[in-house]
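>>> sequence and predicted structure are below.
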Amino acid sequence: MRKDLIAGNWKMHSTHLDAIQMVQKLSYRLDPGDYERVEVVVCPPFTALRSAQTVIESDNLQIGLGAQHCFYEEQGAYTGEVSPQMLAKLSVDYVIAGHSERRQVFGETDEDVNKKVKAIFAAGMTPIMCCGETEEEREEEMTEAKVGSQVRLGLQGLTADQVAKLVIAYEPIWAIGTGKTASADDAGDMCTFVRNMVAEQFGEAADSVRVLYGGSVKPGNIAGLMAKRDIDGALVGGASLDPDSFASIVRYWM
Ligand code: PGA
């Protein structure tokens, strides 16, 4: 019922020229059958979105387009910011909201994330809302408290229909870009916890919401993660920059 989703978060990497090549190379490595099993999305930086969109549309690729961030207002005096409506006009399908780097480096709060999630839906796109604990919180056995409150506050005021379409990425902060992955069992348990949280608030929508794992996902660990009942895909950082390794992650069953 839930289609697996593998999204590449390129972070602050790639010029618009690099992006054209990366999307093309990725498409050469994937077959129509891969897209049937897995929804494949790339999230380039803002400056590369238009180029990526042009390649996807002119070559008729089945690769989805995502943005890494947006502001929640439609327009106005917000120097440097980009609105959901601007992204929607570029045929962007997904927008990441509340990535831990946005929260830690740029001070985004749960309230900001909640406003963004609503604004992304209002512009007709799908949010990929991120949550996850720090190493310290894990050691202090605060993982569920932290993730639980991020999910609860992030989803506040949404309708069950919206939540059913949402993507949530569980990304333990200590596993991001560190090469330390959560074990498949721990990642699976946390994704189950996230789904249960959604069920408590929104009932059946929890059966449709897709929960991804993120944090040092690689070709060598993806299959174990995907074997978990409540993991519906992955948000991939570093390994998504290399089309070979990203394609291997997409084709995790091979
Ligand atoms: P990573 O990043 O795969 O490089 O750990 C994941 C993410 O930040 O989304």
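Happy to help now that I have it.
>>> can you tell me the element the residue most central in space within the chain falls in?
Residue closest to the average C-alpha location in the chain (CA atoms, centre = their mean): residue 128, at 4.4 Å. Assigned by DSSP states H and E, residue 128 belongs to strand 126-131.
>>> please enumerate the helices of the stretch 1-150 of the chain.
16-29, 32-37, 46-58, 84-88, 100-106, 110-122, 135-139, 143-154 (DSSP state H, counting those that start in this stretch).
>>> ok, which of those helices comes nearest residue 196?
Among the helices of the stretch 1-150 of the chain, helix 143-154 comes nearest to residue 196, with 9.4 Å by CB to CB. Using the backbone N, CA and C atoms, a C-beta is placed for each residue, glycine as well.
>>> next, the buried residues of that closest one.
Going by neighbour count (16 or more other CB atoms under 10 Å), the buried part of helix 143-154 is 143, 146, 147, 148, 150, 151, 152, 154.
>>> and if you look at stretch 33-44?
In terms of neighbour count (16+ other CB under 10 Å), stretch 33-44 has its buried residues at 34, 35, 38, 39, 40, 41, 42, 43, 44.
>>> need the per-residue pLDDT for the closest residue to residue 25 other than its chain neighbours.
In space, and not counting its chain neighbours, residue 25 is closest to residue 243: 3.8 Å by CB to CB, 6 or more residues apart in numbering. Predicted confidence (pLDDT) for residue 243: 98.
>>> give me the distance between residue 243 and residue 99.
22 Å (CB to CB, to the nearest Å).
>>> ok, the two, which is more surrounded?
Set residue 243 next to residue 99 and count neighbours by other CB atoms under 10 Å: residue 99 wins out with 28 against 20.
>>> ok, the more buried one - contacts?
Taking CB atoms under 8 Å, 6 or more residues apart in numbering as the criterion, residue 99 is in contact with 9, 68, 69, 130, 171.
>>> and with 7 Å instead?
68, 130 (CB atoms under 7 Å, 6 or more residues apart in numbering).
>>> tell me, how many residues neighbour whichever residue of the stretch 101-250 of the chain sits closest to the ligand?
Distances between the stretch 101-250 of the chain and the ligand by CB to the nearest ligand atom are smallest at residue 237, namely 2.2 Å. A count of nearby residues for residue 237, using other CB under 10 Å, gives 22.
>>> would you list the phi and psi of it?
Phi and psi for residue 237, reported as degrees, to the nearest 10, are phi -90, psi -100.
>>> can you tell me who the residue lying closest to it once chain neighbours are set aside pairs with across the strands?
The spatially closest residue to residue 237, leaving aside those adjacent along the chain, is residue 9, at 5.1 Å (CB to CB, 6+ apart). Per DSSP bridges, the residues bridged to residue 9 are residue 43.
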